[in-house]
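Chemist: Following is a predicted model, sequence given first.
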Amino acid sequence: MSRPLNPWKMSGYKPGQNVICRVTNSEPGGYAVIIPKDNLPGFLPTTASLRPNEEILAQFVCVHNSRILLSARFSNTSVAIKSSSHQAVNWEDHLDDMNQQQPGEGGVAQEPADMQMDGQMPQQAPTQMPAPAPQDNGTRPLTTHVQTPFPISEAEQAFDVWAHAAPRTFHLKRATDLVLPPMQPESENKFKIADYDLEWLITDLEGGMRTGCVKASCESRKSRSAMLLYKGRAVGCIYGRKSMPEANLPTEQSLQHMLADLEVSDTLVKMYDLPDSVTLAMSALFLGYPVQRNDDFDSLTYLNYIASWFESKQQTACLAISLVKIAATCLAFVFRGQFVGAFYVEDQKFTTELSFVHDLLKNDPGAKIEASILPPEMTSSAVRFGFSLSMARQRAKTNQPG
């Protein structure tokens, strides 16, 4: 039986704090680790290939169910800092200096590189070096290039650290079609933003703690966008504009562009509700971590294997299925270990029948399956999950030239 965590030791960690962890064993999507300083167990999501006993420089996110969630401090090509056969730097001697490092001294988060919409399935962008969190001074940490003075809770800081560690981008034409249409047509509301205003819309979404989707199309800017919402906060966003075909952006930047379009009078808006289970499962595409594969299973065998693991660990996840034979896409949603539905993008069809997915894979054994997992910590009290629309709007205004 594992020893209970010492709450006094746990209280000394803050979101964004640099810590050293040691790899113990691999898990789907990353590695179980130990923080040697206090002998605390944790999990480090990463696509890097690591070996037992390697030591990694990471950032503390939060703790939930007696395990610490971490994010990789450096890119996936350089996460290991010490192994049994190599030690270049004694990082423990430098942790205090690194945690006090100010923005602009080598730790500023960089804008993600532009990626082309090339018709491929969603992929993970190269992991960025996130900005070190400031000391606990009650202000919002640096995330992109703007230091905002809004008070922020530790739960919001934890989300910031997580969300900016590995931004996800999409590589699809008409990527907004990935977000499923209303499952209850009566919940859909269509209007032109000129008949209301963005302030009203944000108040309605945040104040009403809405879970669902907002889609927008702006004729004057030739743009389309879609925002996924959970309890009034954005947990995914896709944005595309004809004049910037290569600017395929992660959620936060997409959200700022979408909010700017929602200030334009000719923007058409469609909003509707979605179930919590489906919304959280789909949010894994945007804010989860990918599971790397090193197997040679056919598509159906892999689906059964990973679904069994999800069930045993009660994980929430999204499976992006690329069907090779018919060049189609299907998203399968898993909530707390249980299959809750699948969305066939080409036909805009949603089904709760798992047999539908099985039939697709039986007819296409070479289909590509990419799994993304939403850590359970993201929906615990330790994290305020999702981006604040009000704060994103303020950041968008601050980032505007002039």
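Modeler: Received, thanks.
Chemist: how distant is the helix or strand containing S254 from the center of its chain?
Modeler: According to DSSP states H and E, S254 maps onto helix 251-261. Counting by C-alpha atoms, centre = their mean, to the nearest Å, helix 251-261 is centred 15 Å from the centre of its parent chain.
Chemist: I'd like the next helix or strand past that helix.
Modeler: Scanning forward in sequence from helix 251-261 by DSSP H and E, the next helix or strand is strand 267-273.
Chemist: Work out for me the element the nearest residue to A281 once chain neighbours are set aside sits within.
Modeler: Nearest non-adjacent residue to A281, counting by C-beta to C-beta, 6 or more residues apart in numbering: F333, 3.6 Å away. Placement of C-beta: from N, CA and C, glycine included. Using DSSP H and E, F333 falls within strand 328-335.
Chemist: That strand packs against which elements?
Modeler: helix 276-287, helix 299-313, strand 316-323, strand 338-344, helix 354-362 (3 or more C-beta pairs under 8 Å, 6 or more residues apart in numbering; DSSP states H and E).
Chemist: if you average pLDDT over the longest one, what comes out?
Modeler: Yep, that's helix 299-313 we're talking about. For helix 299-313, the mean per-residue pLDDT is 97.
Chemist: just checking, what packs against it?
Modeler: strand 316-323, strand 328-335, helix 354-362, strand 368-374.
Chemist: ok, which stretches of the chain are helices?
Modeler: Using DSSP state H, the helices of the chain run over 7-10, 95-99, 154-163, 198-207, 251-261, 276-287, 299-313, 354-362, 389-399.
Chemist: wait, which of those helices is closest to P185?
Modeler: Closest to P185 of the helices of the chain is helix 276-287 (C-beta to C-beta; 15.8 Å).
Chemist: Return that closest one as PDB; C-alpha atoms alone will do.
Modeler: Only the C-alpha atoms of helix 276-287 are listed here, as PDB (Å, rounded to 0.1, in the frame of the first residue of the first chain):
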ATOM      1  CA  ASP A 276     -20.900  17.900 -20.200                       C
ATOM      2  CA  SER A 277     -19.500  14.400 -21.000                       C
ATOM      3  CA  VAL A 278     -19.100  15.100 -24.700                       C
ATOM      4  CA  THR A 279     -17.700  18.600 -24.200                       C
ATOM      5  CA  LEU A 280     -15.000  17.500 -21.700                       C
ATOM      6  CA  ALA A 281     -14.100  14.500 -23.900                       C
ATOM      7  CA  MET A 282     -13.700  16.800 -26.900                       C
ATOM      8  CA  SER A 283     -11.700  19.300 -24.900                       C
ATOM      9  CA  ALA A 284      -8.900  16.700 -24.700                       C
ATOM     10  CA  LEU A 285      -8.200  17.500 -28.400                       C
ATOM     11  CA  PHE A 286      -7.400  21.100 -27.400                       C
ATOM     12  CA  LEU A 287      -6.100  20.900 -23.800                       C
END
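Chemist: Contacts for that helix, please.
Modeler: Helix 276-287 is contacted by residues 122, 162-163, 168, 178-180, 183, 211-212, 228-230, 235-237, 250-251, 316-318, 320, 331, 333-336, 340-341, 372-374, 378-379, 385-386 when judged by C-beta atoms under 8 Å, 6 or more residues apart in numbering.
Chemist: out of these, which are buried?
Modeler: When the contacts of helix 276-287 are checked for burial by 16 or more other C-beta atoms under 10 Å, the buried set is 122, 162-163, 168, 178-180, 211-212, 228-230, 235-237, 250-251, 316-318, 320, 331, 333-336, 340-341, 372-374, 378-379, 385-386.
Chemist: returning to what we had before: can you lay out the helices and strands packed on helix 299-313 as JSON lines showing mean pLDDT and distance to I56?
Modeler: Converted to JSON lines, the helices and strands packed on helix 299-313 look like this (pLDDT from 0 to 100; distance: least, C-beta to C-beta, whole Å):
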{"stretch": "strand 316-323", "mean pLDDT": "96", "distance to I56": "24"}
{"stretch": "strand 328-335", "mean pLDDT": "96", "distance to I56": "28"}
{"stretch": "helix 354-362", "mean pLDDT": "98", "distance to I56": "35"}
{"stretch": "strand 368-374", "mean pLDDT": "96", "distance to I56": "19"}
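Chemist: Tell me which of the ones you listed lies nearest to I306.
Modeler: For these, proximity to I306 was assessed by C-beta to C-beta; strand 368-374 is nearest, at 5.5 Å.
Chemist: Sheet-wise, list the partners of that closest one with their directions.
Modeler: With DSSP bridges as the test, strand 368-374 is paired with strand 289-290 (antiparallel), strand 316-323 (antiparallel).
Chemist: in stretch 210-221, what's buried?
Modeler: Judged by neighbour count using 16+ other C-beta under 10 Å, the buried positions of stretch 210-221 are R210, T211, G212, C213, V214, K215, A216, S217, C218, R221.
Chemist: May I ask you to confirm that the last one is in contact with E263?
Modeler: No: taking contact to mean C-beta atoms under 8 Å, the distance of 10.7 Å between R221 and E263 leaves them out of contact.
Chemist: so who does the residue nearest to A281 touch?
Modeler: F333 neighbours (C-beta under 8 Å, 6+ apart): S277, V278, A281, M282, C318, L319, F339, V340, G341, A342, F343.
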